[in-house]
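**Student:** this is the structure alone, sequence omitted:
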């Protein structure tokens, strides 16, 4: 289980973010515009998280500005 | 020490067999085995209900641990119908881990069906073995609950102490069931093979409003194993879930406690709507208002027993 590896994979996929690990929960903190909330993206993120050893993947709703910014 | 029997909320009047009357009426209207528009599974469910009535009558009287959830509400209605109000009592165990909204719902349904209800305080949070939140936390909670309810049954001459555990529950991680067994608590729904789907079907037929109510385990189930359960944490979770309900969240909902961060599990089919920017912002603000400093949405949505998987107690389904 590696937050760094998941974060690198997400950034390489064009989803700028940081990832925090809390046990087997990965918390994705969006770092910029993205389509985090779309169904296909959600499925991919969950799958990617699983490949990196996480049983749970959640995306943080930014405390400032628009939540889940989109392009 | 809190009072054992705080008050009788509503004693079932002799003439108050609304549950029975309604049940029969709906049985004929909706679940009549001879009807041409039979619902799938209705025959088996009705047969099981007949066996439940026999089971209850063979005990002659019973005390039920009542939460206002789908299972115990259905069982309360059938038990009242089978035994009568003088030989049946539903008891609510109240503590900080029992959501106020569910308590209100439990009393409302009891009033609707004239279910005789007694409330008693439970103090599982004062037990350090419970508060430490081990993976068998429920064992200590149920030990406290049944340890209080069994003497009430004895004092009132009620022969059986029963709970609403169903057959599906037996496949889940349920350490509380061991505490029930150790105290002689019977689980007729599980014993007779009632599935959750059957209980919902039979509840609907009887006009019991809980038939489509989401499962509603105690608030401590929102706190990961190993993280201490405190009244303040439970209250924060409860406030957040209340705020989300007020915002319009329907169906399954859990606010999982991760220290400063709330992880919100929503019904999967509602994720698209709630992750749209404007609604996501409203959702976030509602949870922040409950005292969390960060909010995240689980991308798979609600999963029953989610923290069992996170805590490694259960393997992930399909993994």
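**Tutor:** Okay, I see it. No experiment lies behind these values; they were computed from the predicted model shown.

**Student:** hey, which helix is longest across chain B?
**Tutor:** Longest helix in chain B by number of residues (criterion: DSSP state H): helix B:137-156.

**Student:** now chain A
**Tutor:** Of all the segments of type helix in chain A, defined by DSSP H, the longest one is helix A:39-51.

**Student:** what segments of the chain are helices?
**Tutor:** Went with chain A since none was named. Under DSSP H, chain A gives helices at A:3-12, A:39-51.

**Student:** sorry, I should have been clearer: chain B.
**Tutor:** Under DSSP H, chain B gives helices at B:18-30, B:42-59, B:70-83, B:100-113, B:128-131, B:137-156, B:176-182, B:188-191, B:196-206, B:231-247, B:271-274, B:277-288, B:306-310.

**Student:** could I get the average pLDDT for the fifth one?
**Tutor:** If you average the pLDDT over helix B:128-131, you get 97.

**Student:** name the residues of that helix that are buried.
**Tutor:** Within helix B:128-131, the residues that count as buried by 16 or more other CB atoms under 10 Å in any protein chain shown are B:130-131. (Each C-beta comes from the backbone N, C-alpha and C, glycine too.)

**Student:** can you check the second one too?
**Tutor:** Counting neighbours by 16+ other CB under 10 Å, one finds that the buried residues in helix B:42-59 are B:42, B:45-46, B:48-49, B:52, B:55-56, B:59.

**Student:** and the angle from it to helix B:70-83?
**Tutor:** In terms of direction (axes from the mean of the first three to the mean of the last three CA atoms, to 10 degrees), helix B:42-59 departs from helix B:70-83 by 60 degrees.

**Student:** leaving out sequence neighbours, find the closest residue to residue B:189.
**Tutor:** Residue nearest to residue B:189 in three dimensions, not counting chain neighbours: residue B:166, with 4.5 Å by CB to CB, 6 or more residues apart in numbering or on different chains.

**Student:** tell me how many other residues crowd residue 39.
**Tutor:** Unless you meant another one, I'm taking chain A. Residue crowding around residue A:39 was assessed by other CB atoms under 10 Å in any protein chain shown; the count is 13.

**Student:** nope, chain B please
**Tutor:** The tally of other residues near residue B:39 (other CB under 10 Å) stands at 13.

**Student:** just the closest residue of the stretch 201-319 of chain B to chain A, please.
**Tutor:** residue B:275 (3.1 Å; CB to the nearest CB).

**Student:** dump the residue contacts of that residue.
**Tutor:** Residues in contact with residue B:275, defined by CB atoms under 8 Å, 6 or more residues apart in numbering or on different chains, are A:36-37, A:42, A:68, B:297.
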